[in-house]
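J.: Provided below are the primary sequence and the corresponding predicted coordinates.
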There are 2 protein chains.
Amino acid sequence: MHSSTDTSSLTALIGDLVSVNHRLTRLAAASTASAESPAVWRTIAVLRDLGPMRLGELARVSRVSQPTMTKLVHTLDDRGWIRRIADANDARAWLISADPSGLEALDAWRDELVGAMAPYFDDLSIDERETLARAVAVIRTRIERADDTARNGAATA
Amino acid sequence: MHSSTDTSSLTALIGDLVSVNHRLTRLAAASTASAESPAVWRTIAVLRDLGPMRLGELARVSRVSQPTMTKLVHTLDDRGWIRRIADANDARAWLISADPSGLEALDAWRDELVGAMAPYFDDLSIDERETLARAVAVIRTRIERADDTARNGAATA
DNA sequence: GAAGAATGCATAGCCCAACTATATAGCTAG
DNA sequence: CTAGCTATATAGTTGGGCTATGCATTCTTC
C-alpha cells in the first residue's frame, strides 16, 4: 500500500481519495439536521473567499452549470444571504455578493457540523492532525488550479 | 497554526476538511461523463469491502435511509451488478451481494475517473503522496468507527 | 450606426438521490 | 393465535444537477 511512485499507486491513491471523500460526505450529511443543502454553503463560502463576482463566474468556480447557479442564487436571495448588485458596466449582469447574514449562517452551520463530527475526530494525535491539515492544503492547491482553468471558461479538461 | 491541541484548531480543521471535500466532490463529478451516479459506486464498493449483507444494514452502513437503499439496489439489480440472495432464515430479507460484473463496472468507472483527475495530481511529490495516503487512512479509520456504530442500529451520535 | 454574432442570465423541463410516512409481509412472544 | 416487532417496498415530496432554449444586452464589423 505504500510503494508510492509508480502510476498504479497514483491510480489507487486517487481512487481511495475519491472513495473516502464520498463516505465522508455521507457522514457529514447524516451528521447535521440542517435543512439547507451543502450547495448553498459551498456557494456562500466561495463568495466569502473570492469576493463578489458575476453569476456565471460563480457557476464556473463552483463547477456547476449556469442554470444551477441561477437556482442556487435564487434560494440564497430568498433567505437574504446574498445581495445582487447591478453591474454598472453591463446591464445584463449582476455582481453577487455575500450578505453578512449569509456569512453568519455559514458560521452557524459550520459550528453545528463540526460539533456533530468532532466526536469522530477528537482523539486525533498531533501528528494525525498535521497530516490532515497538510492533505487539505495539498488538495486545495490542486482544486484551485483546476478552478482557475474553469474560471477562464475552459471546458472540463 | 500548530498550537494543535486546543478545540478551535480542531474546529478549523474539520471545517476545512469538509469544505475541501465538497469541492473535490464537484471536481470529480465534473470530471467524468459517466451516466451512473456516485451512490451506485459507493454501494458496490461497500459490498466489495464488507461482503454480502442485508438491505437494511447496507443502508445504515452507507448512511442513507432504507427506502433510498431499496431504490439503489433496484437500480443495481436492473444493471445486473448485484445479486439478491434469499435469506434462508428469514423470508422477509435478502442478502445483497456484489456481482462480478458490478465489480468490473466499478473498476472501469474508477479508471475513467482517475484518468480524468490524474492531470490535477500527477505532479505530486513523493512526500505529498504519502501525506495524502496517510490522510486517507486516518479518515477511513474514523469513518469505519462511525460505520460500526451505525451498523448496530445506533442513531447519528 | 445598424445588423448580426456573441454574451449573460432566466425559464422550462427533465432525472435522480435523498428524505418522511406508511403499507405489507414475515417472524416471535406470550 | 394474536400482538407486536422487524425487514423491505411503495408513495409522495424536495432539491441539486443537467440540457435546451429564450431574451435582453453588448460587441463587432462594415
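T.: Arrived safely.

J.: tell me the residues of chain A that contact DNA strand C?
T.: A:26, A:29-30, A:54-57, A:66-67, A:70-71, A:73-74, A:87, A:90, A:92-94 (CB under 7 Å from any atom of the strand). No exception for glycine: its C-beta is placed from N, CA and C like everyone else's.

J.: tell me, what residue is most central in chain A?
T.: residue A:42 (4.1 Å; CA atoms, centre = their mean).

J.: what helix or strand is residue A:85 located in?
T.: Here residue A:85 sits within strand A:82-86, counting by DSSP states H and E.

J.: how is chain A carved up into domains?
T.: A:35-115, A:124-157 (automatic domain parsing).

J.: which of the ones you listed comes out lowest on mean pLDDT?
T.: Of all the domains of chain A, the minimum mean pLDDT falls on domain A:124-157 (a mean of 79).

J.: just the buried residues of it, please?
T.: A:124, A:128-136, A:138-140, A:142-143, A:146-147, A:149-150 (16 or more other CB atoms under 10 Å in any protein chain shown).

J.: quick one, what contacts the closest residue to chain B within chain A?
T.: Nearest residue of chain A to chain B: residue A:135, at 3.4 Å (CB to the nearest CB). Counting by CB atoms under 8 Å, 6 or more residues apart in numbering or on different chains, residue A:135 touches B:131-132, B:134-136.

J.: gap between residue A:63 and residue A:39?
T.: 11 Å (CB to CB, to the nearest Å).

J.: ranges for the strands of chain A?
T.: A:53-54, A:82-86, A:94-98 (DSSP state E).

J.: do the first one and DNA strand D meet at all?
T.: No. Contact check for strand A:53-54 against DNA strand D, using CB under 7 Å from any atom of the strand: none in range, with a minimum separation of 12.3 Å.

J.: can you count the residues close to residue A:102?
T.: By other CB atoms under 10 Å in any protein chain shown, 23 other residues sit near residue A:102.

J.: my guess is it contacts residue A:76. True?
T.: Yes. In this structure, residue A:102 is within contact of residue A:76 by CB atoms under 8 Å, at 6.7 Å.

J.: circling back to that earlier point, between the domains of chain A, which gets nearest to residue B:19?
T.: Nearest to residue B:19, of all the domains of chain A, is domain A:35-115, at 6.1 Å by CB to CB.

J.: the closest one spans what distance, first to last residue?
T.: In domain A:35-115, first residue to last residue: 16 Å (CA to CA, to the nearest Å).

J.: just the helices in chain A please.
T.: A:7-31, A:38-50, A:55-62, A:66-78, A:100-121, A:126-151 (DSSP state H).

J.: what's the angle between the third one and helix B:7-31?
T.: Relative orientation of helix A:55-62 versus helix B:7-31 (axes from the mean of the first three to the mean of the last three CA atoms, to 10 degrees): 100 degrees.

J.: got a list of contacts for helix A:55-62?
T.: Contacts for helix A:55-62 (CB under 8 Å, 6+ apart): A:39, A:42-43, A:46-47, A:50, A:53, A:65-66, A:68-70, A:73, A:93-94, A:96, A:147, A:150-151, A:153, B:26.

J.: turn the domains of chain A into a markdown table, columns for distance to residue B:117.
T.: A markdown table is the format used below for the domains of chain A (distance: least, CB to CB, whole Å):
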| stretch | distance to residue B:117 |
| --- | --- |
| domain A:35-115 | 13 |
| domain A:124-157 | 9 |
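
J.: among the ones you listed, which comes closest to residue A:12?
T.: domain A:124-157 (15.9 Å).

J.: now tabulate the contacts of residue A:135 in CSV and tack on distance to DNA strand D.
T.: Compiled in CSV, those are given as follows (distance: CB to the nearest atom of the strand, whole Å):
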residue, distance to DNA strand D
B:131, 27
B:132, 24
B:134, 29
B:135, 24
B:136, 23
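
J.: so which of the residues you listed comes closest to residue B:82?
T.: Closest approach between these and residue B:82, by CB to CB: residue B:136, at 25.7 Å.

J.: I'd say the closest one and residue A:13 touch.
T.: Yes. Between residue B:136 and residue A:13 there is a contact at 7.4 Å, judged by CB under 8 Å.

J.: how close does residue A:142 get to residue B:92?
T.: To residue B:92, residue A:142 is 47 Å away according to CB to CB.

J.: check residue A:99 too.
T.: In terms of CB to CB, residue A:99 sits 51 Å off from residue B:92.

J.: can you give me the pLDDT of residue A:7?
T.: Residue A:7 carries a pLDDT value of 61.

J.: what is the burial count for the nearest residue to residue A:94 once chain neighbours are set aside?
T.: Distance criterion CB to CB, 6 or more residues apart in numbering or on different chains; nearest residue to residue A:94, sequence neighbours excluded, is residue A:84 at 4.6 Å. Neighbourhood size, residue A:84 [other CB under 10 Å]: 14.
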